[in-house]
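1. 3D model of this:
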Amino acid sequence: MAVYNNATYTSGDMKLRRIPKTAGVLVKQGNFMVQVSSAASLASSLADSGTKAQNQEAAHDIFLGVSQDESLAAMTKDILVATAGVHTFPCTALGQAYPIGTFFGLAGTGSAGAVGVSDTDVEPVATANLAIGKLAALAASGATSVSLELTSTLYDVSGGTQAAA
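-> As a prediction, this is how the structure comes out:
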């Protein structure tokens, strides 16, 4: 079982893909990757879209998956990205229990969550257009990590391409 940045690969086909990395970006295993100018970049590199939901939707629309490599900023090699599978990610302690199938997106960061999205943490979201995955196991109230079936723009959980919202 791979462990990275407080996240853990749990099960399923990860549908690994080698993707060119944005130049000058330090990538750690377990970072959320999005596609910017035909290359993989950190989710936190996205410009602020205004509100937390707008930032989550912007990230959802170009979400590639979770980095399986570490790459220094000076390195130019392609990185390996898991575009599917069940992974466990950290989250802020949940205020209630959530059932299997609940949508989760990238956690908002900064003042009131309106500055960007996290490279490592997730949170429950209201709709599919904000989500990067669905709960694969019940999440208890107070939980600080959740297991998600990833939904990449390359492959969704049913094996087809995820449409941009």
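2. need the contact list for Lys77.
-> Going by CB atoms under 8 Å, 6 or more residues apart in numbering, Lys77 touches Lys21, Ser71. C-betas here are computed from N, CA, C, even on glycine.
3. ranges for the helices of the chain?
-> In the chain, the helices defined using DSSP state H lie at 52-61.
4. hmm, which helix or strand of it has the shakiest average pLDDT?
-> Taking mean pLDDT, DSSP states H and E as the measure, the chain has strand 3-4 as its least confident helix or strand, at a mean of 50.
5. Measure how buried the residue nearest to Ala73 when sequence neighbours are not counted is and give me the count.
-> Spatially, and ignoring its direct neighbours in sequence, Ala73 is nearest to Leu26 (4.6 Å; CB to CB, 6 or more residues apart in numbering). For Leu26, the neighbour count with other CB atoms under 10 Å is 13.
6. For Leu26, list the residues it contacts.
-> Counting by CB under 8 Å, 6+ apart, Leu26 has contacts Ser71, Leu72, Ala73.
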